[in-house]
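Colleague: One predicted model, sequence on top.
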Amino acid sequence: MKTRFDAHSGGAGWGGIYRTGAVTAFILVVIPLIQLALFVVAPPPLEGGAAEWFAVFQDNAIRGLLGFELLLVAYSLLSVVLSLALFEALRPWAKSLSALFLASSMVGAALFVTARPAFEMLYLGREYAAATTEAQRAVLLGAGEAMVAAFHGTAFQFSYILGSVTSILIGAAMLRGGGFSRTTAYLRLGSGLFDLGIFIPGIGLYISIVSVLLLMAFHVLAGITLLKIPSTASEPNPAAAV
């Protein structure tokens, strides 16, 4: 039985990116679970200052790196791989939407990486522990506070908002066609809308958890769908593609 993907797969050269995207989608389901488990087992000082973070890094460098969300940096970079696969799969049916999705995904990932200077904090923590004068410690503590500010600052906030934007763009693109189910599209749209709940005082954290669950379900369905794309096919030229 033919599927809508039989009409387009970007040519033989794209078979690899679809399979890679599928595997990446499944990995993106696992990483948040690992990060959540780490937060429960060894909660980092998310609201603490540089001194608290330096203490964590000095106690256990790996725990410090993971607490500073190094795994989520990997998550953001891997998400670009998935975005490339989704862009190519959806391009013939929603050219503009899929292009905007890819661009916002890449910018959002770059912003998030900027906002998580984990190795810089590791270096500063080691230098702080080795400092021999109060003046040295004060300088290093100030540098550490700048890293903590970046952790909560503008780059992170914009990356979070762009995450919602990318969800809406890709969800809308999927609703235009390309072989992805409407359930897959609505899961991503829902995750994007619930993402914004983090800014609601009091209940924001719980709303964002719903967003993560919806996104995990989306990644499972998107990965399964990408595996179904044939490795060779002719490309359509839909007049309605925008």
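Modeller: Alright, I've got the coordinates.

Colleague: Break down the protein into its strands, ranges please.
Modeller: Taking DSSP state E, the chain contains no strands at all.

Colleague: Okay, buried residues for stretch 149-159 please.
Modeller: Within stretch 149-159, the residues that count as buried by 16 or more other C-beta atoms under 10 Å are Ala150, Phe151, Ala155, Phe156, Phe158, Ser159. The C-beta positions use only the backbone N, C-alpha and C, and glycine is treated the same way.

Colleague: Would you agree the fourth one is in contact with Leu111?
Modeller: Yes: using C-beta atoms under 8 Å, Phe156 and Leu111 qualify as a contacting pair, with a distance of 7.3 Å.

Colleague: which parts of the longest helix belonging to the chain are buried?
Modeller: Assignment by DSSP state H gives helix 15-41 as the longest helix of the chain. For helix 15-41, burial by neighbour count (16+ other C-beta under 10 Å) applies to 17-19, 21-25, 27-28, 31-32, 35, 38.

Colleague: So which elements touch it?
Modeller: Applying 3 or more C-beta pairs under 8 Å, 6 or more residues apart in numbering; DSSP states H and E, one finds that helix 15-41 contacts helix 61-67, helix 70-90, helix 204-227.

Colleague: Out of the ones you listed, which is the most enclosed?
Modeller: helix 70-90 (a mean of 21; mean count of other C-beta atoms under 10 Å).

Colleague: show me what contacts the residue nearest the centre of the chain?
Modeller: Centroid-nearest residue in the chain: Ser76, 3.6 Å away (criterion: C-alpha atoms, centre = their mean). Under the criterion of C-beta atoms under 8 Å, 6 or more residues apart in numbering, the neighbours of Ser76 are Gly108, Ala109, Phe112, Val113, Ser159.

Colleague: swap in Ala149?
Modeller: Counting by C-beta under 8 Å, 6+ apart, Ala149 has no contacts.

Colleague: pLDDT wise, what is it at?
Modeller: Ala149 is assigned a predicted lDDT (pLDDT) of 95.

Colleague: Distance check, it against Ser105.
Modeller: 25 Å (C-beta to C-beta, to the nearest Å).

Colleague: do Ala217 as well
Modeller: Ala217 is 19 Å from Ser105, by C-beta to C-beta.

Colleague: picking up where we left off before, could the buried residues of stretch 149-159 be laid out in CSV, adding distance to Ala172?
Modeller: Shown next, in CSV, are those (distance: C-beta to C-beta, whole Å):
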residue, distance to Ala172
Ala150, 32
Phe151, 31
Ala155, 26
Phe156, 25
Phe158, 21
Ser159, 20
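
Colleague: so where's the protein uncertain?
Modeller: When residues are selected by pLDDT under 70, those of the chain lie in 1-15, 231-242.

Colleague: one more time with 90
Modeller: Applying pLDDT under 90 to the chain flags the ranges 1-16, 39-40, 42, 46-47, 177-179, 194-209, 229-242.

Colleague: Would you confirm that Arg137 contacts Ala130?
Modeller: No: using C-beta under 8 Å, Arg137 makes no contact with Ala130, being 10.1 Å away.

Colleague: quick one: which of these two has more around it?
Modeller: A side-by-side neighbour count of Arg137 and Ala130, using other C-beta atoms under 10 Å, places Arg137 first with 16 against 9.
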